[in-house]
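**Q** Here is the input, now give the coordinates:
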Amino acid sequence: MSNRSAADQIAFRYRTTDSATGVTRHTAKRIAERLGVDETQAIHMALYTLAVKLLPQYEADEGALTDEQLHQIRQRVPQGKKRSVRTSLFEVESA
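**A** The predicted structure follows:
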């Protein structure tokens, strides 16, 4: 038996047709079957996928570096000519 209160649960209503804003129970059952889980687990997996895609996965930092922090970095990193690195995934044949 679960110790969840009514406040920990929501009413979930399937749509009458599949659309970008919801799915039918038939579709949910097919998804769950394909994933090898029950409908509730399939819903949780879908919500988790959206959470990872849409929500930050890290704590917000304090914003941009200060001028003092940039100065400290420049002091510690050798300054000089800007260099770039070029690489190729393919051999280039000379004509």
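
**Q** When you work out contacts or count neighbours from here on, use the C-alpha atoms and nothing else.
**A** OK.

**Q** Report the distance from stretch 64-74 to the chain centre.
**A** Relative to its chain's centre, stretch 64-74 lies at 30 Å (CA atoms, centre = their mean, to the nearest Å).

**Q** So for it, mean pLDDT?
**A** When pLDDT is averaged over stretch 64-74, the result is 88.

**Q** What of stretch 13-31?
**A** Averaging pLDDT along stretch 13-31 gives 96.

**Q** What is the burial count for Q72?
**A** Neighbourhood size, Q72 [other CA atoms under 10 Å]: 11.

**Q** typo on my end, I31
**A** Using other CA under 10 Å, I31 has 16 neighbouring residues.

**Q** Repeat that for A42.
**A** 20.

**Q** Ok, the one 5 residues further on next?
**A** Residue crowding around L47 was assessed by other CA under 10 Å; the count is 12.

**Q** Please name the residues that touch it.
**A** Counting by CA atoms under 8 Å, 6 or more residues apart in numbering, L47 touches no other residue.

**Q** now the helix or strand encompassing it, how far from the centre of its chain.
**A** Element membership of L47, judged by DSSP states H and E, is helix 39-54. Between the centre of helix 39-54 and the centre of its chain there are 11 Å (CA atoms, centre = their mean).

**Q** cool, stretch 56-63 as well?
**A** That offset, for stretch 56-63, works out to 14 Å (CA atoms, centre = their mean).

**Q** Having no further points to raise, I will conclude here.
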